[in-house]
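A.B. asks: For reference, the sequence and a predicted model appear below.
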Amino acid sequence: MDKPIEPPGDDFNIRCPRLGHQIFFSYCIVENYGEPCFKIVDCWHRHFDVEAYLQKHLSPDQWDKLVSRPPKPKVLSLVELIEQAKKRKKETE
C-alpha cells in the first residue's frame, strides 16, 4: 500500500520526542525558526511520504540543509526550547 504524499491535517497529531507532547505536522514544518525540525523525517515517515512532500515543497538548499545538518546536542536543544518558551510567555503577558 502506497503512503499518501500529503501530510495529515491538524486533526491528526503524534507525540514529539523532543517536546514530550502531542504535535501537529504544521508545527514541525516551521519549528526551527521557520525551517523544518531536524527530526521531521524520523517522526513522520510512518504516516505519509514526508520525504517526497519535503522535496516538493522545500528549495534544494533547504532540503540539503535539512538532510545534511548534524543534530544539535540535546542540552543545546533543551536550552533553546526553554528560551523559546520564556519568549512566548513574555509575549502573552
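C.D. replies: Perfect, I can see it now.

A.B. asks: ok, now how distant is the spatially most central residue of the chain from T92?
C.D. replies: Nearest to the mean C-alpha position of the chain, by CA atoms, centre = their mean, lies C28 at 2.6 Å. According to CB to CB, to the nearest Å, C28 stands 22 Å off from T92. Quick note: C-beta positions are derived from backbone N, CA and C, even for glycine.

A.B. asks: Under the pLDDT cut-off, which ranges of the protein? List them.
C.D. replies: 1, 71-72 (pLDDT under 70).

A.B. asks: let's see it at 80
C.D. replies: Low-confidence segments of the chain (pLDDT under 80): 1-4, 69-74, 77, 93.

A.B. asks: Helices of that one, residue ranges please.
C.D. replies: With DSSP state H as the criterion, the chain has helices at 25-28, 40-44, 50-57, 60-68, 74-92.

A.B. asks: so how far is the last one from its chain's centroid?
C.D. replies: Between the centre of helix 74-92 and the centre of its chain there are 16 Å (CA atoms, centre = their mean, to the nearest Å).

A.B. asks: Quick one: residues contacting Y53.
C.D. replies: With contact set as CB atoms under 8 Å, 6 or more residues apart in numbering, Y53 has these partners: 5-7.

A.B. asks: can you redo the residues you listed as JSON lines with distance to G20 and neighbour count?
C.D. replies: Output for the contacts of Y53, formatted as JSON lines (distance: CB to CB, whole Å; neighbours: other CB atoms under 10 Å):
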{"residue": "I5", "distance to G20": "29", "neighbour count": "12"}
{"residue": "E6", "distance to G20": "27", "neighbour count": "11"}
{"residue": "P7", "distance to G20": "21", "neighbour count": "21"}
